[in-house]
Structure formats: C-alpha cells, structure tokens
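J.: Mind looking at a prediction? Sequence and model below.
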Amino acid sequence: MSRIGKTPVKIPGGVKVTFANEVMTVEGPKGKLTQKYHSVISFEEKGGEIIVTRANEEKQSKSFHGLYRNLLNNMITGVSAGFTKTLVITGVGYRAEVQGKLLFMSLGYSNDLYIGIPDGLTVTADAGGKVSISGIDKQRVGELAAQIRKLRPPEPYKGKGIRYENEKIRRKVGKSGVK
C-alpha cells in the first residue's frame, strides 16, 4: 500500500468535494478547481475525510494512488487557504513592480521585461525586492514562479539574480588575483 495514498485527506469546513465521470471537483471559499482522474482510483468519503483506494496492485495503479491523493489534498488546501511563492530579487538596479496585469522587471538587461499575470493568480511586488505570487492552483503558482526565476537565475559569485525566498545559494570564491 502506498504510504502517501493510504493517508486520508481531511476536508475543512466550507469545502465541498464531488466525484463524477472521472472528474473530481473541489469548491471552497477561494474558488473552484477540477481535475480528471484515472478509473483505477476510487474515492470514498467517511466522516469528514476522503479515503483514496486503487483497484489493483499494478505498478501504474500504485503510482496513480499517491498522485491523485496528493492532487486532491493540494486542491482542498488551495480552495481553503491558497498557495504563495515568494521570490527575492538581488542586484544593483534590479527591481520589479506590478502595473495592472503586467509585472515590469528591470534585471540588468538592455531592455526591461514585461511578464503577463495569468487570470486566477495575484502578484505583488514591494520595494525590498520581494515578489509574491499567490493563487488557489499550486501548479500554476509554481510554474509562474519558475518562469520568473528563469529570467535571471542566481549566480554563485555575487549572489545576484532571482531566487526563491527559502533557497540557499552556494557561494563560490572568485579569483585570488595573486600569481
């Protein structure tokens, strides 16, 4: 039995979960999410918890068991609390600001960069170089954060670039200059 898959998913108050036609739908105070699932996985609600089970012991079924349990858990967390990723911009002259549905970034290139903010996500930028991305879909929040980080990844010598808030950059020693 999958250690992740056999853990029941708790349903907080105000969240409604439905399963029909191999589509799971989760509605909560922050919004509504849907996700298709494979027919070898079944869901059973018992006393405020959802138990995920699989039809057989094949390798693919075992993989789906843990996957759909975590997807369901992330959907429930998203519609009840939401997800947030924070990026830190480090560097002289590097800055970011939100202008309507665009994120304007100056990252040391000859031209400034404009990134469109997708519907369903909110982006805030403060003067300290922090950009926060929040939304109900964990995958979309993480994808936008990864795309922004990819514009100027942190470099190991001075630490300049865009990094996640909890990310540690392994710094390297530069040239010694002595021969």
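T.: Good, I have the coordinates.

J.: Just list the residues touching G174, thanks.
T.: By CB atoms under 8 Å, 6 or more residues apart in numbering, the residues touching G174 are Y157. Heads up, the C-betas are built off the backbone N, CA and C, glycines and all.

J.: Confirm that it sits in a strand.
T.: No - using DSSP: H, G, I helix; E, B strand; the rest coil, the assignment for G174 is coil, not a strand.

J.: Tell me how far it lies from P154.
T.: As judged by CB to CB, to the nearest Å, G174 and P154 stand 15 Å apart.

J.: Report pLDDT for K179.
T.: With respect to pLDDT, K179 scores 63.

J.: ugh, wrong one, I meant K175
T.: On pLDDT, K175 comes in at 84.

J.: can you give me phi and psi for it?
T.: The phi and psi values for K175, taken as degrees, to the nearest 10, are phi -60, psi 150.

J.: Tell me the spacing between it and E155.
T.: Look at K175 and E155: by CB to CB, they are 15 Å apart.

J.: I'd like to know which elements the top strand by length along the chain is packed against.
T.: What stands out as the longest strand in the chain, according to DSSP state E, is strand 83-90. With contacts taken as 3 or more CB pairs under 8 Å, 6 or more residues apart in numbering; DSSP states H and E, strand 83-90 sits against strand 130-135, helix 138-151, strand 161-164.

J.: the helices in this protein, which residues?
T.: When assigned using DSSP state H, the helices of the chain occupy the ranges 59-80, 138-151.

J.: wait, which of the helices and strands packed on strand 83-90 is closest to K85?
T.: Taking CB to CB as the criterion, helix 138-151 is the member of those that comes nearest to K85, at 4.0 Å.

J.: Provide the contact partners of the closest one at residue level.
T.: Contacts to helix 138-151, defined as CB under 8 Å, 6+ apart, come from residues 74, 77-78, 83-85, 87, 103, 105, 107, 113, 115, 117-118, 120-121, 123, 131, 133-135, 162-164.

J.: Just the buried ones from the residues you listed, in ChimeraX syntax?
T.: The ChimeraX selection below is limited to those of these classed as buried (16 or more other CB atoms under 10 Å):
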select :74,77,78,83,85,87,103,105,107,115,117,121,123,131,133,135,162,163
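
J.: And for the closest residue to F19 other than its chain neighbours, the neighbour number?
T.: When the adjacent residues along the chain are set aside, F19 lies closest to F43, with 5.1 Å between them (CB to CB, 6 or more residues apart in numbering). A count of nearby residues for F43, using other CB atoms under 10 Å, gives 17.
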